[in-house]
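>>> I would like to see how this sequence folds:
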Amino acid sequence: MIVFTIAGYELRRLFGSPQAWIVLAVIQFLSAMFFYILLSRYLEAPQAQGERGMTQMVAAGTLQIAGIILLMVTPFLTMRLFSDEQRSGTIQLLFSSPVSLTDLVLGKYLGIVLFLFLALILIALMPLSLLPGTNLDLGLLAAGLLGLALLVLTFAAVGLFISTLTAQPGVAAILTFAVLFLLWIVHIAGSTTTGPAAEVFSYLSLLQHFNTLLQGMVNSVDVVFFLIMSSLFILLSIWRLDAVRTHHW
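Numbering: from 1, shown residues only. From the prediction side, this is the model:
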């Protein structure tokens, strides 16, 4: 399929640039550092942790921090998806090619998601390394990894859409971070209001849904939320590019 061809090209482009390797190294370094800190704190006084246990404090704690790290670095990976095409003028070549906008968007999206999933796999190896020496709650860990994967899907979709709005990669990165950060903490606005508005703000919070999964509670509300958000921004990307193509033509 053309989607996988485009995704493969996007992956090769990412790995062909030092930026992607630097981002991957930063993700691993920061995740490993906080994993070590959490593990050290747990080993200092394991009894004081009560029912939280190794999985809740160390494994889930590492995944929660990894979510914040990915929020900060994803804009740097997605900022060039379509911004570079618009800045260099190659977007016109894409519009005139036999590839549909849907295939183009899905291909670029899949490429960046696969790259981020590679980072996710490397992050998952850290808590899994505890298996030989302790009894991890694999159900809790699996729910946390599912939450992180869904978070990655949403981060990539938001970055993809923002990159269609501007020809400046730097602007795309800043806007992507701003939107993701707003969606991350929007539940705080809900705590200052009451009624339907508070429920809406709470529902729109990425952090709220992510934390539920980190606690081992997998329910359709949280999974569907992330899938809807990802699909929405992918659709917005297609509509935006269609509007750009119509304007130029």
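
>>> which residue is nearest the middle of the chain?
The structure's the chain has its C-alpha centroid closest to residue 152; by C-alpha atoms, centre = their mean the separation is 2.3 Å.

>>> and it, what is it in contact with?
By C-beta atoms under 8 Å, 6 or more residues apart in numbering, residue 152 lies in contact with 70, 74, 113, 116-117, 120. All C-beta spots, glycine's among them, are computed from the backbone N, C-alpha and C.

>>> helix or strand right after the helix or strand encompassing it?
Residue 152 is located in helix 138-163, with elements delineated by DSSP states H and E. Next along the chain after helix 138-163, taking DSSP H and E as the criterion, comes helix 169-185.

>>> show me what that next one is packed against.
helix 60-78, helix 83-88, helix 138-163, helix 206-214 (3 or more C-beta pairs under 8 Å, 6 or more residues apart in numbering; DSSP states H and E).

>>> and the angle from the last one to helix 138-163?
Okay, so that is helix 206-214. For helix 206-214 against helix 138-163, the angle by axes from the mean of the first three to the mean of the last three C-alpha atoms, to 10 degrees is 160 degrees.

>>> what is the rounded mean pLDDT of helix 206-214?
Over the span of helix 206-214, the pLDDT mean works out to 90.

>>> report the angle between that helix and helix 60-78.
140 degrees.

>>> quick one: mean pLDDT over the helix or strand just after helix 206-214.
Note on helix 206-214: by DSSP H and E, the next helix or strand toward the C-terminus is helix 220-248. Predicted confidence along helix 220-248 averages 89 (mean pLDDT).

>>> which elements pack onto helix 220-248?
Packed against helix 220-248 by the contact rule (3+ C-beta pairs under 8 Å, 6+ apart) you find helix 91-96, helix 101-128, helix 138-163, helix 206-214.

>>> next, the angle helix 169-185 makes with that helix.
The directions of helix 220-248 and helix 169-185 differ by 150 degrees, with the same axes, to 10 degrees as the criterion.

>>> re the thing from before, kindly indicate which of the contacts of residue 152 lies nearest residue 227.
For those, the minimum distance to residue 227 (C-beta to C-beta) is 13.0 Å, reached by residue 113.

>>> what is the burial count for the closest one?
Applying other C-beta atoms under 10 Å, we find 21 other residues in the vicinity of residue 113.
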